[in-house]
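S.K.: Have a look; sequence and predicted model below, questions after that.
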Amino acid sequence: GLAVGAGALAATNSSASPAATPAAGSGDAGARTPLTALGANAHPFHGAHQGGIVEPAQARMLSTAFDLTPGTARPGLASLMKRWSAAAAALAAGRTPPGLSDDGSALDAGPSSLTVTFGFGASVFAKAGLTAQLPAALAPLPAFPEDKLDRRRSDGDLWVQVCADDGLVAFHAMRTLQRLAAGAATVRWQMSGFSRSPGATARPRTGRNLMGQIDGTNNPKPTDPTFDARVFVPAKTDPAKDQPAWMAGGSYAVFRRIRMLLDPWDLQSTDRQERVIGRHKASGAPLSGGTESTPADLGKLGPDGGLAIPGDAHIRVATPDANQGAAMLRRGYSYHDGFRPDGAPDAGLLFVAFQADPRTGFVPVQLKLSRADALSVFISHESSGLYAVPGGAADPDGYVGQALLE
Ligand code: HEM
């Protein structure tokens, strides 16, 4: 990311002292508190891809689905995407968004690595008169065995993901976008997630989920030669692969609210928990040996002659090699929404996966997991969404979704 303001940039580069310069372009710069390196860090909104995909997960995430207000058609949707893009660009740079009186909830903070990601659900295309542009990849996900989906907390015409390293910054951004939607779209559902805060541990390593596992180890990495092909629709789209031209540089997001059945899980021995996933809990190393980054050896036998990584271990069943190379970038966050009437935590994983095509990414992997994964008895899929995430707005004159809507 880029730091905002010269002083802030200096603070990012030397951990010695906090920056003394307020956010560049702030409408109220004089009143601003100096930014810390964390607050000053900024991811530019404009680019070939939208933000919130390849950046390391921020500490906070808000995920909101909107439905178009009856009567909002293509021009209304285009105008909303323009307002949203302009606001997201300002917020990402630490500026007050144009077009409305600011609520002040993020006044003292810098952008804090804010990213905003916009997606289109399948239902929006008919409403906007764009059925000819509906990507084949947005076909409804199959009904997976064991799904317990709440449709009111699933789907939606539009999907907005806000991520930031500060809870107030994330709230301010989502609240601003909701206010800007007035008259055009209303909130269908919203969920809040969290992950480790920057600075909580000195060792830069993959975060943990609420089951205690190091989660994200074997994700595709931006340095992998196959990364772009797996995560993004190419800049030059291929109609033979059902890639509409307006999705150039885009991606598809699968969203799943997956509750963890933490009471039974926490009763399992560490040994059993490790066999369910196929990795050691403390280090994240595969049960076939090595460290967190050592590739799993799925053929290796243990001292008892059985597979070191059991046949139903999550990483064996989910691994791309077992699924014709299908891969996705998992970028989920934990959630905890209190306790259910039976006392069990209403907590788990807001699973978010980005991929070039869900028909070769999430779908075959989840079909396999839902039948063969040892983790299945400890989790429950409660809501689901699939969204076309267009490429980024390349410059300040453009907006996200322009190639579809103009
Ligand atoms: C790997 C946890 C759901 C796909 C992993 C790992 C953990 C984990 C701990 C090993 C570390 C890593 O490589 O990230 C969980 C939990 C889930 C869940 C707790 C539910 C609450 C899912 C779902 C999918 C999925 C729904 C996709 C349909 C994968 C893949 C890998 C993985 C592709 C990498 C496998 C490999 O090593 O090649 N998961 N996972 N996971 N998971 Fe999950």
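M.R.: Alright, I've got the coordinates.

S.K.: Against which helices or strands is the helix or strand encompassing residue 367 packed?
M.R.: Assigned by DSSP states H and E, residue 367 belongs to helix 362-372. Counting contacts by 3 or more CB pairs under 8 Å, 6 or more residues apart in numbering; DSSP states H and E, helix 362-372 packs against helix 314-318. Any C-beta I mention is one placed from the backbone N, CA and C, and that applies to glycine too.

S.K.: Whatever helix or strand comes next after the helix it packs on: partners in the sheet, and parallel or antiparallel?
M.R.: Helices and strands here follow DSSP H and E; after helix 314-318, the next one along the chain is strand 329-330. Using DSSP bridges, strand 329-330 pairs in its sheet with strand 345-355 (antiparallel).

S.K.: Can you check what angle separates the strand it pairs with from helix 362-372?
M.R.: Calculated by axes from the mean of the first three to the mean of the last three CA atoms, to 10 degrees, strand 345-355 forms an angle of 140 degrees with helix 362-372.

S.K.: Just the C-alpha atoms of strand 345-355, please, in CSV.
M.R.: What follows is strand 345-355, C-alpha atoms only, in CSV (Å, rounded to 0.1, in the frame of the first residue of the first chain):
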residue,chain,number,x,y,z
PRO,A,345,-21.4,-19.3,20.1
ASP,A,346,-22.9,-17.9,16.9
ALA,A,347,-19.4,-17.8,15.5
GLY,A,348,-17.4,-19.0,12.6
LEU,A,349,-16.0,-18.1,9.2
LEU,A,350,-17.3,-15.5,6.8
PHE,A,351,-15.7,-17.5,3.9
VAL,A,352,-14.8,-15.3,0.9
ALA,A,353,-13.1,-16.8,-2.1
PHE,A,354,-12.1,-15.1,-5.3
GLN,A,355,-11.6,-17.0,-8.5
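
S.K.: so where do the strands sit in the stretch 101-250 of the chain?
M.R.: Secondary structure of the stretch 101-250 of the chain (DSSP state E, counting those that start in this stretch): strands at 115-121, 158-164, 185-194.

S.K.: okay, now residue 378: neighbour count?
M.R.: When counting by other CB atoms under 10 Å, one arrives at 21 neighbours for residue 378.

S.K.: doesn't residue 260 make contact with it?
M.R.: Yes - between residue 378 and residue 260 there is a contact under CB atoms under 8 Å: 6.5 Å.

S.K.: quick one on the thing from earlier: nearest to the ligand among the strands of the stretch 101-250 of the chain would be which one?
M.R.: strand 185-194 (12.4 Å; CB to the nearest ligand atom).

S.K.: Summarise which helices and strands the closest one is packed against.
M.R.: Other elements packing on strand 185-194 under the criterion 3+ CB pairs under 8 Å, 6+ apart are strand 60-68, strand 333-339.

S.K.: Other residues contacting the following helix or strand past the longest one?
M.R.: Past strand 60-68, heading to the C-terminal end, the next element that is a helix or strand (DSSP H and E) is helix 74-92. Helix 74-92 is contacted from outside by 42-46, 51, 68, 72, 96-99, 111, 114-116, 118, 124, 127-130, 160, 172-173, 176-177, 180-181, 184-185, 393, 396, 398-402, 405-406, using CB atoms under 8 Å, 6 or more residues apart in numbering.

S.K.: which parts of the stretch 151-300 of the chain sit against the ligand?
M.R.: Counting by CB under 6 Å from any ligand atom, the stretch 151-300 of the chain comes close to the ligand at 209, 211, 213, 215-218, 256, 258, 260, 277, 279, 296.

S.K.: buried sites along the helix holding residue 367?
M.R.: 362, 363, 365, 366, 368, 369, 370, 372 (16 or more other CB atoms under 10 Å).

S.K.: which ones are touching the fourth one?
M.R.: Looking back up the chat, that one is residue 366. Taking CB under 8 Å, 6+ apart, we find residue 366 in contact with 141, 144.

S.K.: what about the stretch 201-350 of the chain, any weak spots by pLDDT?
M.R.: Filtered on pLDDT under 70, the stretch 201-350 of the chain yields the residue ranges 204, 321-324.

S.K.: cutoff 80 now
M.R.: The stretch 201-350 of the chain contains residues with pLDDT under 80 at 203-205, 320-326.

S.K.: Doesn't residue 384 lie inside a helix?
M.R.: No - counting by DSSP: H, G, I helix; E, B strand; the rest coil, residue 384 is not found in a helix; it is strand.

S.K.: and it, what are its bridge partners?
M.R.: Assigned bridge partners for residue 384, using DSSP bridges, are residue 256.

S.K.: Just give me the neighbour total for it.
M.R.: 23.

S.K.: Surely it touches residue 189?
M.R.: No - with contacts counted by CB under 8 Å, residue 384 stays clear of residue 189, the gap being 11.4 Å.

S.K.: Hmm, residue 106 and residue 169 touching each other?
M.R.: Yes - between residue 169 and residue 106 there is a contact under CB under 8 Å: 4.8 Å.

S.K.: How many neighbouring residues does the residue in the stretch 51-200 of the chain positioned nearest to the ligand have?
M.R.: For the stretch 51-200 of the chain and the ligand, the shortest gap (CB to the nearest ligand atom) falls at residue 144, measuring 9.0 Å. Residues near residue 144, counting by other CB under 10 Å, number 16.

S.K.: Excluding chain neighbours, what is closest to it?
M.R.: Residue nearest to residue 144 in three dimensions, not counting chain neighbours: residue 370, with 4.3 Å by CB to CB, 6 or more residues apart in numbering.

S.K.: And for residue 295?
M.R.: Closest residue to residue 295 apart from its sequence neighbours, by CB to CB, 6+ apart: residue 286 at 7.5 Å.

S.K.: Over to residue 302?
M.R.: residue 308 (4.4 Å).
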